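>>> got a sequence here, can you model it:
(one chain, ligands or ions: 1)
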Amino acid sequence: MNDIELKNVSYKYPLSESFALKDFHFTFKKGKFYGIIGSNSGGKTTLCNLVRGLIPHFYQGDLSGEVLIEGTDVREWDSQLLSTKIGYIFQNPFTQISGVRETVLEEIALGLENLGVEKDEMIDRVIDVVKLLKIEDLIKKNPNNLSGGQRQRVAFASIIAMNNDILVIDEPTSQLDPETTSDVFEIINMLKAQGKTILLVEHKVDLIAEYSDEVIVMEKGQMVYNGSPSEVFSNKDLLSRGAAFPQVALLSHEMKMLDKPFDYITITKSQAKEQIMKRMGL
Ligand SMILES: Nc1ncnc2c1ncn2[C@@H]1O[C@H](COP(=O)(O)OP(=O)(O)OP(=O)(O)O)[C@@H](O)[C@H]1O
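The predicted structure follows:
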């Protein structure tokens, strides 16, 4: 069974006249990593809210079509139960921190406690994830006193500890420096290797090109294109639809305009390096 199926889904937020999502029809397959990109206000966060069940459980509004999570419509899922299936890392890490725990360690354990995980197992899982994310130095700190980047790492730790099958991650690196951003992508990639289904909204498309299996391009609440990273970033028309492209893909498109094309449109640094070295006869 597929994890997530959206059938002709349209949605308007309460009191809003316009569609935040329109005629969205797509199946997210188990174990795949989906990069969701596109223009501002394109509907990316709304899609995350739907899959996580915040629409319609938290935001009411006007929802039509079907959102099936493991075959059951999101309207029928108990919201608490759905949170054990789908982990959601919000765009704003300040929203993610519970505010009710006094140390980072307790904060990470909170979700597991709510699940009724036994104390010994809980401690093991929290310690594992703290080591994995290299946040040993934060565990005794008050979560409310952390920087944006530190909060984001704690948010990741809390979600990884939960071991959800599906992860919906909305711009996780917006608060992070380039080095920590790469670390986060390494972690997401590791989660993918564990067979998790991942939906990731991200403006840093270089990393989307490098890691995702499939890319979805959103504009004005609609999916305007989907395909492999190569298919998407080779399609120059998408630039006019507000999709950001990796720098190396832009370079490759420029070369084509100059009538000096690479053998193919390169979308990652390693591909560009390989083509440049070939040109140089190296
Ligand atoms: N809580 C809300 N209430 C009313 N309208 C909303 C709400 N959240 C989003 N919208 C509207 O829904 C549309 C889609 O917004 P959404 O946040 O899903 O886009 P996005 O692609 O995630 O944008 P961005 O890249 O700027 O974060 C926009 O027109 C936005 O103004």
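>>> how about the contacts made by Val67?
The contact partners of Val67, taken as Cβ atoms under 8 Å, 6 or more residues apart in numbering, are 4-7, 9, 50-51, 73-75. Yep, even glycine has a C-beta here, placed from its N, CA and C like the rest.
>>> take those and keep only those in helices.
50-51 (DSSP state H).
>>> since we're on the nearest residue to Lys30 once chain neighbours are set aside, how many residues are nearby?
Excluding the flanking residues, the one nearest Lys30 by Cβ to Cβ, 6 or more residues apart in numbering is Asp3, at 5.0 Å. Asp3 has 22 neighbouring residues, counting by other Cβ atoms under 10 Å.
>>> host element of Gly65?
Following DSSP states H and E, the helix or strand that holds Gly65 is strand 62-69.
>>> so which bits of that strand are buried?
Judged by neighbour count (16 or more other Cβ atoms under 10 Å), strand 62-69 contains these buried residues: 63, 65, 67-69.
>>> alpha carbons of that strand, as PDB, please.
Taking C-alpha atoms only, strand 62-69 is exported to PDB below (Å, rounded to 0.1, in the frame of the first residue of the first chain):
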ATOM      1  CA  ASP A  62     -12.900  24.400   2.700                       C
ATOM      2  CA  LEU A  63     -11.400  21.000   1.800                       C
ATOM      3  CA  SER A  64     -12.500  18.800  -1.100                       C
ATOM      4  CA  GLY A  65     -11.000  15.600  -2.700                       C
ATOM      5  CA  GLU A  66      -9.400  12.800  -0.700                       C
ATOM      6  CA  VAL A  67      -6.100  12.700   1.300                       C
ATOM      7  CA  LEU A  68      -5.400   9.100   2.100                       C
ATOM      8  CA  ILE A  69      -2.800   8.100   4.600                       C
END
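>>> thinking again about what came up before, could the contacts of Val67 be laid out in CSV, adding distance to Phe156 and neighbour count?
Formatted as CSV, these follow (distance: Cβ to Cβ, whole Å; neighbours: other Cβ atoms under 10 Å):
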residue, distance to Phe156, neighbour count
Ile4, 21, 22
Glu5, 27, 19
Leu6, 26, 22
Lys7, 31, 13
Val9, 28, 22
Leu50, 22, 26
Val51, 18, 23
Asp73, 29, 13
Val74, 24, 24
Arg75, 29, 12
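>>> kindly indicate which of the contacts of Val67 lies nearest Gln175.
Each of the contacts of Val67 was checked against Gln175 using Cβ to Cβ; the closest is Val51, at 22.5 Å.
>>> pretty sure that closest one sits against Leu200.
No: applying Cβ atoms under 8 Å as the test, Val51 and Leu200 come out as separate, 11.9 Å apart.
>>> what pairs with the strand holding Gly65, parallel or antiparallel?
The strands beside strand 62-69 in its sheet (DSSP bridges) come out as strand 4-12 (antiparallel), strand 72-73 (antiparallel).
>>> mind putting those in JSON lines, mean pLDDT and distance to the ligand included?
Below are these laid out as JSON lines (pLDDT from 0 to 100; distance: least, Cβ to the nearest ligand atom, whole Å):
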{"stretch": "strand 4-12", "mean pLDDT": "97", "distance to the ligand": "8"}
{"stretch": "strand 72-73", "mean pLDDT": "94", "distance to the ligand": "21"}
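>>> format those strands as CSV; extra columns: distance to Leu250.
Listed next are these as CSV, based on distance: least, Cβ to Cβ, whole Å:
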stretch, distance to Leu250
strand 4-12, 31
strand 72-73, 41
